[in-house]
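1. generate a structure from the sequence data that follows.
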Amino acid sequence: MAPTSSNIGPIIDVVLDYARGVVGLDDAREQPKGAARMASILDKTYYVPLVAQILDKKGWHVAARFQRIWLSGKANAVVRPASDGKGTAGPLSTAGISMDWILRFERARDLFDEVTSPDVFANDQAKGLLRSRLDRIFQLTKVNTLGFGDLKAVGRALEREYINYRGIGDYDQWRAGIDELTAALGRFNMYVIPNGSATRSGKKTRVTISRIGVFVRDSFDFEGEQDLGGWGRPDIIKPPTPPPLGGIGPVKYVPVEPGIEFHISNASYREYRQKTGRGGDFLIYSDVKTRELSKPIVFDY
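-> Numbers count the residues shown, from 1 in each chain. Okay, here's the model as predicted:
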């Protein structure tokens, strides 16, 4: 039976101390308040807070920070689409990440090069979306010239600025193996914002794109079935088995190997949330990385 709101407080205090590494598992179980209930909670889910400790030992502090944000948040599961920022218990909180840090990783740089190609931000579909946005603004403002693309927007304000995106898929992630980018973001998307000006003369409009901006948005959640690999203290992480063609498929646990204390999956985190009342999904937004176009893109409609 899950703890109730009347007895969960002391338990949560101990859980969070354990997650922060203030006390060990044995010490946590010996805490005078709610020790028996604490033991019952930790029997199946004690390994979830251990993940942050292992990540810190590896020096993967960005990934560890996101784990602790999730652990310290009140229970809240993302409601799709994540871009709406809604959770089962209220709006999702947000956290930041640096694009410069993301671009330390080769696959992220490859994705950045892809999303900054005119084939992505200035293809027919992207131009059509930009045109519809500009038409609405011209109609509302009654001006002849306007600028578009707010490259200084932050957080959820970025959702109304981007024009297209590309993402890291299952295959790219599995091929990369376990590194801090995978531990922090897993699969993620990069979104591109066109920046420039538009001038309307009669029934014709000339659009000039002179700069672009790119940001990352990711939902830090544990929905769906996903194997998260094997873990062991102080700093051992074993990648999960590759997924079958066509998708992740059901989680398949492998036998415990030397140095591996436990295997976890997305379901482990959901169980932790159910038992403790903690575990808040949240959205991650990077800052905007800008690039000047050597040759502005101009089109009329």
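2. quick one: which helix or strand includes Thr94?
-> If you go by DSSP states H and E, Thr94 is part of strand 93-97.
3. which residues touch that strand?
-> 62, 65-66, 69, 73, 85, 155-156, 184-185, 216, 220, 280, 282-287 (C-beta atoms under 8 Å, 6 or more residues apart in numbering). The way it works is simple: take the backbone N, C-alpha and C, and place the C-beta from them, glycine included.
4. one more time with 7 Å, if that's ok
-> By C-beta atoms under 7 Å, 6 or more residues apart in numbering, the residues outside strand 93-97 that reach it are 62, 66, 69, 73, 155-156, 216, 280, 282-286.
5. cool, stretch 100-118 as well?
-> 62, 120, 165-166, 168, 172, 176, 179, 181, 190, 192, 212, 214, 216, 286, 291, 297.
6. got any ranges where the chain has weak pLDDT?
-> 1-44, 241-256 (pLDDT under 70).
7. now the nearest residue in space to Ile69 that is not next to it in sequence: how far from Gly147?
-> Nearest residue to Ile69 in three dimensions, chain neighbours excluded: Ala95, at 5.6 Å (C-beta to C-beta, 6 or more residues apart in numbering). Between Ala95 and Gly147 the computed distance is 29 Å (C-beta to C-beta, to the nearest Å).
8. burial of Gly59, as a residue count?
-> For Gly59, the neighbour count with other C-beta atoms under 10 Å is 10.
9. that's a helix at it, yeah?
-> No. Counting by DSSP: H, G, I helix; E, B strand; the rest coil, Gly59 is not part of a helix but coil.
10. state the distance from it to Ala183.
-> Counting by C-beta to C-beta, the gap from Gly59 to Ala183 is 11 Å.
11. and the helices in the stretch 101-250 of the chain?
-> All helices of the stretch 101-250 of the chain, identified by DSSP state H, counting those that start in this stretch, fall at 106-115, 118-121, 124-141, 170-176, 180-185.
12. identify whichever of those lies nearest to Lys203.
-> Among the helices of the stretch 101-250 of the chain, helix 124-141 comes nearest to Lys203, with 11.3 Å by C-beta to C-beta.
13. is Ile284 in a bridge, and if so with what?
-> Assessed by DSSP bridges, Ile284 has beta-bridge partners Ala95, Asp218.
14. what's the local residue count around it?
-> 18.
15. list the buried ones in stretch 260-276?
-> Counting neighbours by 16 or more other C-beta atoms under 10 Å, one finds that the buried residues in stretch 260-276 are 260, 262-266, 268-273, 275-276.
16. domain-wise, how is this structure divided?
-> As recorded under automatic domain parsing, the domains making up the chain are 8-75+222-280, 100-220+286-300.
17. quick check: closest non-adjacent residue to Arg65.
-> Distance criterion C-beta to C-beta, 6+ apart; nearest residue to Arg65, sequence neighbours excluded, is Ala95 at 7.9 Å.
18. all strands for the stretch 151-300 of the chain, in order.
-> Secondary structure of the stretch 151-300 of the chain (DSSP state E, counting those that start in this stretch): strands at 164-167, 189-201, 204-220, 227-232, 236-238, 262-265, 282-286, 289-300.
19. for the residue nearest the centre of the chain, what are its contacts?
-> Residue closest to the average C-alpha location in the chain (C-alpha atoms, centre = their mean): Asp218, at 2.8 Å. Asp218 is in contact with Leu185, Phe188, Ile284, counting by C-beta under 7 Å, 6+ apart.
20. now render the domains of the chain as TSV, adding distance to Pro81.
-> Output for the domains of the chain, formatted as TSV (distance: least, C-beta to C-beta, whole Å):
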stretch	distance to Pro81
domain 8-75+222-280	12
domain 100-220+286-300	9
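21. and of the ones you listed, who's closest to Ala89?
-> Once the domains of the chain are compared by C-beta to C-beta, domain 8-75+222-280 is nearest, at 6.2 Å.
22. picking up where we left off before, to Gly232, which of the helices of the stretch 101-250 of the chain lies closest?
-> Nearest to Gly232, of these and by C-beta to C-beta, is helix 180-185 at 14.9 Å.
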